[in-house]
Structure formats: structure tokens, C-alpha cells
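J.: everything below, folded, please.
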Amino acid sequence: MKKVLFILFALLTTTVININADVNGPSPSYAAEREGYSKMYVTAQNQDAHISMVIEDQNFMEYTITSGFYSGGPWVYFVEHGKYKVVSIDKGYRVSCNGSTVQVGSVITFSGATGHIGFYVNN
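T.: The predicted model follows:
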């Protein structure tokens with residue numbers, strides 16, 4: 001009987017720890033809120049597909065920003081402050097960054113604490 005109670009207690013403890021990690025996210029939560037980075041919310045309007053664009057920094061390092069599914073809510077990226085050139089955008093889509101439409105070749109400046117990147121279907 002003691003073994004059964006011990007096993008049930010161990011399973012309950014493991015479950016509580018896993019639920020806590022899922023709800024609260026990684027710890028410490030302030031680690032990603034550092035100075036010098038913009039917290040960018042990425043959405044895809046009415047699209048249940050992963051849509052992406054590639055940006056390039058001043059050191060020619062390329063980064064891919066991908067949207068999550070529309071039904072799953074926004075994805076979040078932390079982008080270092082600076083200027084980035086848009087290298088590519090998935091065909092059939094257009095991109096808005098902080099309210100401004102961007103195209104391949106456009107230069108995006110990340111300097112604020114937060115921002116938004118939206119993917120939209122070309123009309």
C-alpha cells in the first residue's frame with residue numbers, strides 16, 4: 001500500500017511541475033526582456049499556414065521570421081535593435097512591419113520595445 005501511495009504522490013508531483021512549466025513559461029521570465037531588443041509579435045491574417053520572410057542584418061547574417069497558424073495566436077521574436085534588409089518573402093503574401101508595407105529590398109529598423117509584423121494574402 002505504501003508503494004502505491006508513493007507512486008501516486010510521485011506522479012502527482014511530476015504532473016504539477018509540468019503544468020506549472022507550461023503555464024508560466026521559462027524561468028526567469030525577465031530574461032528575454034533585455035535592453036537592445038525589440039519584442040516583435042508576428043501574425044498571419046486568416047491563414048492557417050506558416051508564412052515566412054528572410055531578413056539580413058548589417059553583418060550579412062540572415063534570419064527567418066515565420067508566422068504561426070492564425071488559429072494559434074501570434075508568435076513572438078526578439079530582434080536585436082538595428083537595420084535589417086528584407087531578402088525574401090513567401091510568394092503570394094505581403095508583409096507589414098509596424099504599420100508600413102515592406103517589400104524585398106526594403107530596410108526595416110527595429111528600435112522600439114515592441115512591434116508587429118503581419119503577413120497578409122496579396123489581393
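J.: only C-alpha atoms from now on, for both contacts and neighbour counts.
T.: Fine.
J.: shaky segments in the chain?
T.: 18-34, 47-48, 70-72 (pLDDT under 70).
J.: so which helix or strand takes in the one residue sitting closest to the centre of it?
T.: Nearest to the geometric centre of the chain sits residue 76, at 2.5 Å (Cα atoms, centre = their mean). Using DSSP states H and E, residue 76 sits within strand 75-80.
J.: contacting residues around the spatially closest residue to residue 114 that is not a sequence neighbour?
T.: Distance criterion Cα to Cα, 6 or more residues apart in numbering; nearest residue to residue 114, sequence neighbours excluded, is residue 39 at 4.5 Å. Residues near residue 39 by Cα atoms under 8 Å, 6 or more residues apart in numbering: 33, 76, 77, 78, 79, 113, 114, 115.
J.: of the residues you listed, just say which sits nearest to residue 43.
T.: Of all the contacts of residue 39, residue 76 has the smallest distance to residue 43: 9.0 Å, by Cα to Cα.
J.: now the closest residue to that closest one other than its chain neighbours: how far from residue 74?
T.: Excluding its sequence neighbours, the residue lying closest to residue 76 (Cα to Cα, 6+ apart) is residue 41, at 4.7 Å. Distance of residue 41 to residue 74, given as Cα to Cα, to the nearest Å: 6 Å.
J.: could you do residue 5 as well?
T.: Distance from residue 5 to residue 74, by Cα to Cα: 42 Å.
J.: and the two? which has more neighbours close in?
T.: residue 74 (18 against 10; other Cα atoms under 10 Å).
J.: what helix or strand is residue 64 on?
T.: strand 62-66.
J.: now that strand, how far from the chain's geometric center?
T.: Its chain's C-alpha centre and that of strand 62-66 lie 10 Å apart, by Cα atoms, centre = their mean, to the nearest Å.
J.: cool, and stretch 7-18?
T.: 31 Å.
J.: contact partners for the residue lying closest to residue 57 once chain neighbours are set aside?
T.: In this structure, residue 57 finds its nearest non-sequential neighbour in residue 84, 4.6 Å apart by Cα to Cα, 6+ apart. By Cα under 8 Å, 6+ apart, the residues touching residue 84 are 55, 56, 57, 58, 107, 108, 109, 110.
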